[in-house]
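1. Kindly generate the corresponding structure for this input.
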Amino acid sequence: MSFGQIVRRSAAVVALLWALGFVWFAIVLPQPAADTQTDAIVVPTGGGGRIDRGLELLREDKAQAMFVAGVDREVRPPEFAEGFGVEEALMECCVTLDFVSVDTKSNAREAAKWLEEKEFRSVRLVTSDWHIRRTALDLERATGGKVVILEDAVPTDPTFGMLFLEYHKLLARRLAALWE
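-> Here you go, the predicted model:
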């Protein structure tokens, strides 16, 4: 077998694995989690239904506190509370808004700091179904595996483009992890 044949066959195998991985990623989207208790809830902003789901779980006493990562710096806590119908007492005791993080990776870093500060050992991660795999990976790495993460996916209707982009972001994160 010539070097050229080896290269072509290897490229074909890589392309097939990439395609099968994408099909799996796009078809087998994560689902909402079971009715399980955790110490805390982490909700990255950016998608419809995420914050509402987190607040619903908080009100059902499925966790002690909720961290909302990546809140726009222009939003003040009273505006947030009014926009999502959060009672003042719940806001004061149990909801922490993060104005520092700006992307998925920094969401995970800030959430990990908060989890460590509060000494929480389990967290329910609430985000969109297409986004949860990468978010969970980033949070796992940011906490150093010291926190049990329950993935709670909010069902969406993602476009092909969203899935395509997110698949490649996840692949890039996984590849980067190999070299760290």
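2. contacts, neighbours, all on C-alpha from now
-> Fine.
3. Count the residues that sit near residue 87.
-> Neighbour count for residue 87, taken as other Cα atoms under 10 Å: 11.
4. for it, what are its contacts?
-> residue 81 (Cα atoms under 8 Å, 6 or more residues apart in numbering).
5. Equivalent analysis for residue 71, please.
-> Applying Cα under 8 Å, 6+ apart, the residues contacting residue 71 are 45, 97, 98, 99, 100, 101.
6. measure the residue nearest in space to the middle of the chain to residue 60 for me?
-> When Cα atoms, centre = their mean is applied to the chain, the residue found nearest the centroid is residue 135 (3.1 Å). Counting by Cα to Cα, to the nearest Å, the separation of residue 135 from residue 60 is 24 Å.
7. Buried residues, stretch 171-180. List them.
-> Buried residues in stretch 171-180, defined by neighbour count with 16 or more other Cα atoms under 10 Å: residue 171.
8. Could you check how far that stretch is from the centre of its chain?
-> Offset of stretch 171-180 from its chain centre (Cα atoms, centre = their mean, to the nearest Å): 17 Å.
9. which residues sit against it?
-> Contacts for stretch 171-180 (Cα under 8 Å, 6+ apart): residue 134.
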